[in-house]
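> no sequence on this one, just coordinates:
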């Protein structure tokens, strides 16, 4: 009995020691970023002021789509959690170019080659517009459309509210929601594993250790935290009959790897921004923006368990005049990565009538019979239009 207790005691001490060492080791800075690295990777950059949010930092960003001289519109695009602003260069930028968009896509602090915040400083959504303004000033852009995917959507909506006099329209792929609707999302289909990782990553020290552990995994292994994404990745890797599968999944995973190229701080520091509430007045400001004739369009899919449909419906219920494009099941949270999906969103954002027309997706997907039908809902109405 004594030996058993002694063994148990030793085991407990070892576990406590390992945990403490792990927490201390994970609570560290990522490797430094240089402007030369950003430029060598085809990026541009701005430097934040020392007295600004998060102090002096480098923010990388990428431009793609239509050439400046040929562009009909400018579009600010925000990537999702774990990604970088470079993702669009190998995926949706050709779709943006076809519609005349010149895309400006920054990387959130800590991901890719954007510097992270100082340790212990919590990054909040309300600070992001100041960073974006630096980029818009450097690019000499006044009016612009705003678009994003997943966790990038709350960033873009915060910018749209803060710079509402400059935003021409908003197009979102499967947006997440603020903390205030978290309880509803569990009842509405968020996978429990996803929920746990999302909440735990935002806790100081605990989130550091979890994020550090995730950063040591391959991008594909990391997707186990989001089971619907993991399933979509396997589907695209195994089903070679669909022409675009290989390119999209390889681009997705490669950019996830790039997201942690400097370490885990992006995973830890950005968790708070997908859990916090919007800055005060954001929803009211967005409703005024839509009431003025500018479009707010978003997508949803029934098998999305990362950002389940209840999240997107929340926007429809709270921002009068917003539009929801229902995508078919088959790719879960990655439905907005299906070629043609964001084209639909951007066309609607531009004010085009897409009701009754052919889904642009169909002409691009050949044998993919999942990517066809969709429905559109406008705030205050019901889904009646086949796309």
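On my side now, so go ahead. What you see is a predicted model; the values in this text were computed from it and never measured.
> starting at the chain centroid, how far to stretch 205-220?
For stretch 205-220, the separation from the chain centroid amounts to 18 Å (computed by C-alpha atoms, centre = their mean, to the nearest Å).
> nearest spatial neighbour of the most centrally placed residue in the chain, skipping sequence neighbours?
The centroid of the chain falls nearest to residue 80 when counting by C-alpha atoms, centre = their mean (1.6 Å). Counting by C-beta to C-beta, 6 or more residues apart in numbering, residue 150 is the residue found nearest to residue 80 once chain neighbours are left out, at 3.3 Å. Using the backbone N, CA and C atoms, a C-beta is placed for each residue, glycine as well.
> again, but for residue 68
Going by C-beta to C-beta, 6+ apart, residue 68 has residue 102 as its nearest residue, at 6.0 Å.
> and the one you found, what does it touch?
Applying C-beta atoms under 8 Å, 6 or more residues apart in numbering, we find residue 102 in contact with 63-68, 71, 73-75, 96.
> Tell me the one among these nearest to residue 216.
Nearest to residue 216 among these, counting by C-beta to C-beta, is residue 64 at 30.6 Å.
> How about that closest one: which residues does it bridge to?
residue 103 (DSSP bridges).
> Distance of it relative to residue 132?
According to C-beta to C-beta, to the nearest Å, residue 64 stands 17 Å off from residue 132.
> ok, now residue 173?
Distance from residue 173 to residue 132, by C-beta to C-beta: 19 Å.
> Looking at these two, which is more packed in?
Higher neighbour count among residue 173 and residue 132: residue 173, with 30 against 24, using other C-beta atoms under 10 Å.
> Need phi/psi at that one.
As for residue 173, its main-chain torsions (degrees, to the nearest 10) stand at phi -100, psi 120.
> what is it paired to in the beta sheet?
Beta-bridge pairing for residue 173 (DSSP bridges): residue 149.
> Correct me if wrong: it contacts residue 150.
Yes: counting by C-beta atoms under 8 Å, residue 150 is a contact partner of residue 173 at 7.0 Å.
> can you list residues touching both of those two?
residue 336.
> which stretches of the chain have low pLDDT?
1-29, 182-188, 355-387 (pLDDT under 70).
> which residues in the stretch 151-300 of the chain form strands?
Taking DSSP state E, counting those that start in this stretch as the criterion, the stretch 151-300 of the chain carries its strands at 167-173, 296-300.
> Give the pairing partners of the shortest one; include direction for each.
Partner strands and pairing direction for strand 296-300 (DSSP bridges) are strand 167-173 (parallel), strand 323-326 (parallel).
> where's it relative to the chain centroid, distance-wise?
Centre to centre, stretch against its chain (C-alpha atoms, centre = their mean), the figure for strand 296-300 is 14 Å.
> if we look at that strand, which residues are touching it?
Residues outside strand 296-300 that contact it (C-beta under 8 Å, 6+ apart) are 153, 169-175, 286, 289-290, 309, 311-313, 315, 319, 321-327, 335-336, 341, 344-345, 348-349.
> and residue 137, how many residues sit next to it?
When neighbours are counted by other C-beta under 10 Å, residue 137 registers 11.
> correction: residue 346
Using other C-beta under 10 Å: residue 346 sits among 25 other residues.
> I figured it hits residue 99, correct?
Yes: with contacts counted by C-beta under 8 Å, residue 346 reaches residue 99, the gap being 5.5 Å.
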